[in-house]
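# here's a sequence, model it:
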Amino acid sequence: MIDIHICVRSPVRGNSPAFTLDVALRSEARSIVLWGPSGCGKTSLLQTIAGLRRPQSGWIRCNGRSLFDRQHEIDIPAHQRRIGYVFQQTALFPHLSVTANIGFGLPRRAGDRDRHILDLARRCRIDDLLERRITHLSGGQAQRVAIARALAIRPDLLLLDEPFNALDPDLRAALRHVVQDFCRETQTPLILVTHDRAEAECVGEAIVSMSAGQVLEIQSSLRRA
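Just a heads-up that it's a prediction; the model follows:
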């Protein structure tokens, strides 16, 4: 369950106008899609949930756990929120191999670490790339590594910011199913940003329409996980 009620004010920077993210969102859905025009605040909302932006007021709760609560002075650091995040730009470590990137957030001595990395690499169709450096990958390959890395920590919440854009249609559909299957197996809630309406309908139990930093409407999808 997601329960968010926040206000985040971004200052004027250069020619960019001030922007206020004022969101109230409460949903029992296991998969939520954020939908709306560019610049409406979808990415800003993901960054705030992840702990990369700090609200001026309100709270963020996931499955009963408070990640942020201004009134009660709770602000869990980003690295302690147990959130898997796939950015629009992959944000991988270019000097590390694919294996090292996928396993970056895992304990080094975990008994099933290597097996877990290999399983995710196979699911994401990158098991033949494990020894490559990130600089030697195509955009689509790097995107698959980013997805595998986000899943590897077995997160409490998965945030996906247009994660399939660099993939061709067939691979896009396959990776979407990989993510959905993983979340079903592990009971991990997810929040997806996409501009693809068909993808929104396929993934989301709830579709959240946003505009100008606010939630306009929450629709229940016909799909159920």
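# elements contacting the helix or strand of the chain with the lowest mean pLDDT?
Counting by mean pLDDT, DSSP states H and E, the chain has its least confident helix or strand at helix 197-203, which shows a mean of 90. Packing contacts for helix 197-203, counted by 3 or more C-beta pairs under 8 Å, 6 or more residues apart in numbering; DSSP states H and E, involve strand 31-35, helix 169-186, strand 190-193. The C-beta positions use only the backbone N, C-alpha and C, and glycine is treated the same way.
# now residue 130: closest residue in space that isn't a chain neighbour?
Leaving out its chain neighbours, the residue that sits closest to residue 130 by C-beta to C-beta, 6 or more residues apart in numbering is residue 99, at 4.6 Å.
# how would you label that neighbour: helix, strand or coil?
Assigned with DSSP: H, G, I helix; E, B strand; the rest coil, residue 99 falls in the helix class.
# host element of the residue positioned nearest the centre of the chain?
With distances taken as C-alpha atoms, centre = their mean, residue 159 lies nearest the centre of the chain, 1.5 Å away. According to DSSP states H and E, residue 159 maps onto strand 157-161.
# can you check residue 150 too?
Per DSSP H and E: helix 139-152 holds residue 150.
# pLDDT weak spots in the protein?
12-14, 109-111, 221-225 (pLDDT under 70).
# on that earlier part again, quick one: contacts of the helix holding residue 150?
In this structure, residues lying in contact with helix 139-152 by C-beta atoms under 8 Å, 6 or more residues apart in numbering are 84-87, 90-92, 98, 101-106, 116-117, 120-121, 123-126, 129, 134, 137, 158-160, 163-168, 171, 175, 178-179, 182.
# surely residue 59 is in a strand?
Yes: according to three-state DSSP, residue 59 belongs to a strand.
# could you shift the numbering so residue one becomes 27, and keep it that way?
Taking 27 as the first residue, the last one we looked at is residue 85.
# spatially nearest residue to it (excluding sequence neighbours)?
Nearest to residue 85 is residue 95, by C-beta to C-beta, 6+ apart, at 4.3 Å.
# report the contact partners of that neighbour.
84, 85, 86, 87.
# distance to residue 239 added to the helices and strands packed on helix 223-229, as JSON lines?
As requested, the helices and strands packed on helix 223-229 are exported to JSON lines (distance: least, C-beta to C-beta, whole Å):
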{"stretch": "strand 57-61", "distance to residue 239": "12"}
{"stretch": "helix 195-212", "distance to residue 239": "27"}
{"stretch": "strand 216-219", "distance to residue 239": "14"}
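# mean neighbour count and distance to residue 32 for the ones you listed - can I get that in JSON lines?
Conversion of the helices and strands packed on helix 223-229 to JSON lines gives the following (neighbours: other C-beta atoms under 10 Å; distance: least, C-beta to C-beta, whole Å):
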{"stretch": "strand 57-61", "mean neighbour count": "25", "distance to residue 32": "14"}
{"stretch": "helix 195-212", "mean neighbour count": "15", "distance to residue 32": "24"}
{"stretch": "strand 216-219", "mean neighbour count": "25", "distance to residue 32": "14"}
